[in-house]
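Enquirer: I would like the atomic coordinates for the input below:
(2 chains)
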2 protein chains.
Amino acid sequence: MQLTQYTDYSLRVLIHLAKRADGLATVPEIAEFYGISRNHLVKVIHNLAAKGFILTTRGRNGGMKLSRPPSKIILGDVIRNTESNFDIAECFNTASNCCVITPNCGLRSIFREAQMGFIKAMDKYTLADVVTRGGLLNNPVRPPFASRSG
Amino acid sequence: MQLTQYTDYSLRVLIHLAKRADGLATVPEIAEFYGISRNHLVKVIHNLAAKGFILTTRGRNGGMKLSRPPSKIILGDVIRNTESNFDIAECFNTASNCCVITPNCGLRSIFREAQMGFIKAMDKYTLADVVTRGGLLNNPVRPPFASRSG
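Expert: A predicted model of the protein is given here:
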């Protein structure tokens, strides 16, 4: 039972931006901070901007920031917009499903209810909860390259 | 957000056995009915027997059946015993986790709560609900090879 790496990285970007209220963050900064691929990040960031979670500015002094305060970004909304699918089992994908009992099986509706249980719990929290709960706000983002050059 | 194919197949085996109250089912029968690999099934069945969900009998007239009535097999219990891990995100696996913000990040406890929401919903239902909800019990298992030979 896993969320995709895409959702994981999307949340990391948002967390980074929530902590970094001073100015714009950049792709190299975030990639280096988390030690993850720039190429992956570019796709993640493109989607976050398209879905209205972040604002991006192009150019030499460009970068990105949250589109609204962390307290207005609901975690359930993020996951709904980053998980490529919510196909808990084969029968959720009508195009590829081959399970012969699907028409008469009660499992799908039970799975859906359980999935709603997951999402509803995520809907109770915002990005602000993530950064305040564990004390992230008291541990300001310090990109590795900044400390190296400073 | 997906469960493993292993859990999917485990549930299919249990559903098949819940429907097939007459005698013992065999690996070839279940493999042919669902159109899935015998090798996969053997591992799934071995685990279901080891975890006490089914009873197996070896030999020429051997096979398998549920160890107790479907109403006594809780879906949450099945999933707990078939999902290889419940690592929703990288930070759940302490051995492989590389996320630098883990010590101060509030996301893990929120994920755990959401995961509990999923499992609790599955704990409300039994194998009996799966086969009665969708009408599976009114559509008896008829293995393809049986109808072909009969």
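Enquirer: for chain A, what's the longest helix?
Expert: Identified as the longest helix of chain A according to DSSP state H is helix A:107-123.
Enquirer: which of the residues in it are buried?
Expert: A:107-108, A:110-111, A:114-115, A:117-119, A:121-123 (16 or more other C-beta atoms under 10 Å in any protein chain shown). In short, each C-beta sits where N, CA and C put it, glycine included.
Enquirer: now it: mean pLDDT?
Expert: Taken as a whole, helix A:107-123 has a mean pLDDT of 89.
Enquirer: now stretch A:17-29
Expert: On average, the pLDDT along stretch A:17-29 is 88.
Enquirer: same check, this time on stretch A:38-56
Expert: For stretch A:38-56, the mean pLDDT works out to 95.
Enquirer: which residues in chain A form strands?
Expert: With DSSP state E, the ranges of strands along chain A come out as A:54-57, A:63-66.
Enquirer: among those, which is nearest chain B?
Expert: Nearest to chain B, of all those, is strand A:63-66, at 16.1 Å by C-beta to the nearest C-beta.
Enquirer: follow-up on the earlier one: overlap between the buried residues of helix A:107-123 and the residues near chain B?
Expert: Restricting the buried residues of helix A:107-123 to those near chain B by C-beta under 8 Å from any C-beta of the partner chain leaves A:107-108, A:110, A:114-115, A:117-119, A:121-122.
Enquirer: want to try TSV for those residues, with distance to residue A:98 as columns?
Expert: Below are these laid out as TSV (distance: C-beta to C-beta, whole Å):
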residue	distance to residue A:98
A:107	15
A:108	14
A:110	20
A:114	22
A:115	21
A:117	27
A:118	26
A:119	27
A:121	32
A:122	31
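Enquirer: and the residue of chain A positioned farthest from its centre, how far from chain B?
Expert: Distance from the C-alpha centroid of chain A peaks at residue A:104, with 35.5 Å (C-alpha atoms, centre = their mean). Distance, residue A:104 to chain B, using C-beta to the nearest C-beta, to the nearest Å: 4 Å.
Enquirer: contact partners of the longest helix of chain A?
Expert: A:74-77, A:79-80, A:86, A:88-89, A:91-92, A:102, B:1, B:11, B:15, B:75, B:110, B:113-122, B:125, B:129-130, B:133-134 (C-beta atoms under 8 Å, 6 or more residues apart in numbering or on different chains).
Enquirer: try it again with 6 Å
Expert: When contacts are defined by C-beta atoms under 6 Å, 6 or more residues apart in numbering or on different chains, helix A:107-123 is touched by residues A:74-76, A:79, A:88, A:91, B:113-114, B:117-118, B:121-122, B:125, B:130.
Enquirer: ok, of those, which one's closest to residue A:46?
Expert: Nearest to residue A:46 among these is residue A:79, at 17.6 Å by C-beta to C-beta.
Enquirer: what about the closest one, neighbour count?
Expert: By other C-beta atoms under 10 Å in any protein chain shown, 21 other residues sit near residue A:79.
Enquirer: who are the contact partners of it?
Expert: A:7, A:122.
Enquirer: about what we covered before: wait, which of the strands of chain A is closest to residue B:21?
Expert: strand A:54-57 (56.2 Å).
Enquirer: spell out which residues of chain A are next to chain B.
Expert: Residues of chain A found near chain B (C-beta under 6 Å from any C-beta of the partner chain) are A:1-3, A:8, A:83, A:86, A:88-90, A:104-107, A:110, A:113-114, A:117-118, A:121-122, A:125, A:129-130, A:133-136, A:139.
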